[in-house]
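1. Any chance you can model this:
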Amino acid sequence: VKDEDLTWEQFGKVALCFVNVMKENEWPDNRIQMHAAFWLALEVHPWQHSSLDQLKQALLLYQSHQCQCW
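-> Take a look at the predicted model:
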């Protein structure tokens, strides 16, 4: 499943799993914190709490594009 096709529930689970995998594979703490802070910012973004599904989808699409840049 592409990142932009995830539901918000799936996104939250995947982000948590990814952080755990980063820790298990000894990623530098600052890189783990950078990713976690980014994902948290998306989780608390006003669009995420909107009744408009398009705004929520836009955040997932943005996250997907940013992930590809990393």
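
2. can you pull the buried residues of the helix-or-strand element of the chain with minimal mean pLDDT?
-> Lowest by mean pLDDT, DSSP states H and E among the helices and strands of the chain is helix 53-69, with a mean of 88. In terms of neighbour count (16 or more other Cβ atoms under 10 Å), helix 53-69 has its buried residues at K56, L59, L60, Q63. The C-beta positions use only the backbone N, C-alpha and C, and glycine is treated the same way.

3. Could I have the CA atoms of it written out in PDB?
-> The C-alpha coordinates for helix 53-69 follow below in PDB (Å, rounded to 0.1, in the frame of the first residue of the first chain):
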ATOM      1  CA  ASP A  53     -11.500  13.800   3.600                       C
ATOM      2  CA  GLN A  54      -9.600  15.600   0.900                       C
ATOM      3  CA  LEU A  55      -7.700  17.600   3.500                       C
ATOM      4  CA  LYS A  56      -6.700  14.500   5.400                       C
ATOM      5  CA  GLN A  57      -5.700  12.900   2.100                       C
ATOM      6  CA  ALA A  58      -3.600  15.900   1.200                       C
ATOM      7  CA  LEU A  59      -1.600  15.400   4.400                       C
ATOM      8  CA  LEU A  60      -0.900  11.800   3.600                       C
ATOM      9  CA  LEU A  61       0.100  12.700   0.100                       C
ATOM     10  CA  TYR A  62       2.500  15.400   1.500                       C
ATOM     11  CA  GLN A  63       4.000  12.900   3.900                       C
ATOM     12  CA  SER A  64       4.500  10.400   1.100                       C
ATOM     13  CA  HIS A  65       6.400  13.000  -1.000                       C
ATOM     14  CA  GLN A  66       8.500  14.100   1.900                       C
ATOM     15  CA  CYS A  67       9.400  10.500   2.700                       C
ATOM     16  CA  GLN A  68      10.600  10.100  -0.900                       C
ATOM     17  CA  CYS A  69      12.800  13.100  -0.500                       C
END
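
4. thinking again about what came up before, which one of the buried residues of helix 53-69 is nearest V19?
-> Among these, Q63 lies closest to V19 (Cβ to Cβ), at 14.3 Å.

5. isn't the closest one right next to W39, touching?
-> Yes: the criterion here is Cβ atoms under 8 Å, and Q63 meets it with W39 at 7.5 Å.
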